[in-house]
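Peer 1: what shape does this take:
(one chain, ligands or ions: 1)
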Amino acid sequence: METIKIKYFSDKIDKLEYIGGKSDWIDLRASEEVSLKKGEFALIPLGVGMKLPQGYEAHVVPRSSTFKNFGVIQTNHMGVIDGSYCGDNDMWRMPVLAVRDTQIHVNDRICQFRIMKNQPAINFDEVERLEETDRGGFGSTGKQ
Ligand SMILES: O=c1ccn([C@H]2C[C@H](O)[C@@H](COP(=O)(O)OP(=O)(O)OP(=O)(O)O)O2)c(=O)[nH]1
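Peer 2: Residues are numbered from 1 along each chain as shown. Model prediction:
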């Protein structure tokens with residue numbers, strides 16, 4: 001069990017809930033009304049900020065139903081919340097592009113997140129040749 005310090009920037013959204021069993025991803029809610037015309041971009045405020053456990057980052061992705069329900073695509077495809085994004089004003093947001101006119105209401109569950117361990121520190125060792133067998137290009141194993 002990990003404990004996460006959380007700040008709510010709005011009292012209009014439900015508190016986050018960890019529900020084990022079905023999925024351990026945690027749904028995030030829009031904390032403000034967002035109206036978009038087709039083709040518009042917005043940063044949807046998610047109304048929370050967190051101090052993640054030491055050595056963790058968070059990954060934010062849409063819910064599977066988000067496109068069907070709201071007609072928006074997450075423009076960064078997966079949001080990466082660094083552990084250092086933990087200041088008093090560091091509210092999480094979801095960048096989206098609307099593919100149709102749409103309305104996101106306060107408290108709508110729009111995306112989900114999980115925490116992930118940081119990768120180890122990396123040192124790049126530059127070489128002339130990698131000395132391994134080529135894997136082949138995109139699609140080199142065929143279609144079926
Ligand atoms: O979907 C996202 C992605 C990022 N963030 C916050 C947390 C993250 O730690 C910070 C910076 O994100 P990132 O490093 O991915 O963005 P950048 O464009 O490289 O900005 P920076 O120059 O601040 O690193 O923005 C969000 O709220 N939502």
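Peer 1: by contact count, what packs against the longest strand seen in the chain?
Peer 2: As far as residue count goes, and with DSSP state E defining each element, the longest strand of the chain is strand 109-117. Using 3 or more Cβ pairs under 8 Å, 6 or more residues apart in numbering; DSSP states H and E as the contact criterion, the secondary-structure elements in contact with strand 109-117 are strand 26-29, strand 56-62, helix 66-70, strand 79-81. Bear in mind the C-beta positions are built from the backbone N, C-alpha and C, glycine included.
Peer 1: most tightly surrounded among those?
Peer 2: Mean neighbour count (mean count of other Cβ atoms under 10 Å) peaks for strand 26-29 among these, with a mean of 20.
Peer 1: before we move on, back to that, among the helices and strands packed on strand 109-117, which is nearest Lys143?
Peer 2: Ranking these by proximity to Lys143 (Cβ to Cβ) places helix 66-70 first, at 25.4 Å.
Peer 1: that older thread, the inter-axis angle of the longest strand of the chain versus strand 56-62?
Peer 2: What separates the directions of strand 109-117 and strand 56-62 is an angle of 150 degrees, with axes from the mean of the first three to the mean of the last three Cα atoms, to 10 degrees.
Peer 1: what about strand 109-117, near the ligand?
Peer 2: No: contact between strand 109-117 and the ligand, assessed by Cβ under 6 Å from any ligand atom, is absent, since the two come no nearer than 8.6 Å.
Peer 1: cool, stretch 75-86 as well?
Peer 2: Yes: Stretch 75-86 lies within reach of the ligand by Cβ under 6 Å from any ligand atom, at Asn76, Gly79, Val80, Ile81, Asp82, Tyr85.
Peer 1: quick one: contacts for the residue of the chain found nearest the ligand?
Peer 2: When distances are taken as Cβ to the nearest ligand atom, the chain reaches nearest to the ligand at Gly79, 2.3 Å away. By Cβ atoms under 8 Å, 6 or more residues apart in numbering, Gly79 lies in contact with His59, Val60, Val61, Trp92, Met94, Pro95, Cys111, Phe113.
Peer 1: grab the nearest non-local neighbour of the residue nearest to the spatial centre of the chain.
Peer 2: Relative to the mean C-alpha position of the chain, the nearest C-alpha, by Cα atoms, centre = their mean, is the one of Val60, at 1.3 Å. Excluding the flanking residues, the one nearest Val60 by Cβ to Cβ, 6 or more residues apart in numbering is Gly79, at 3.5 Å.
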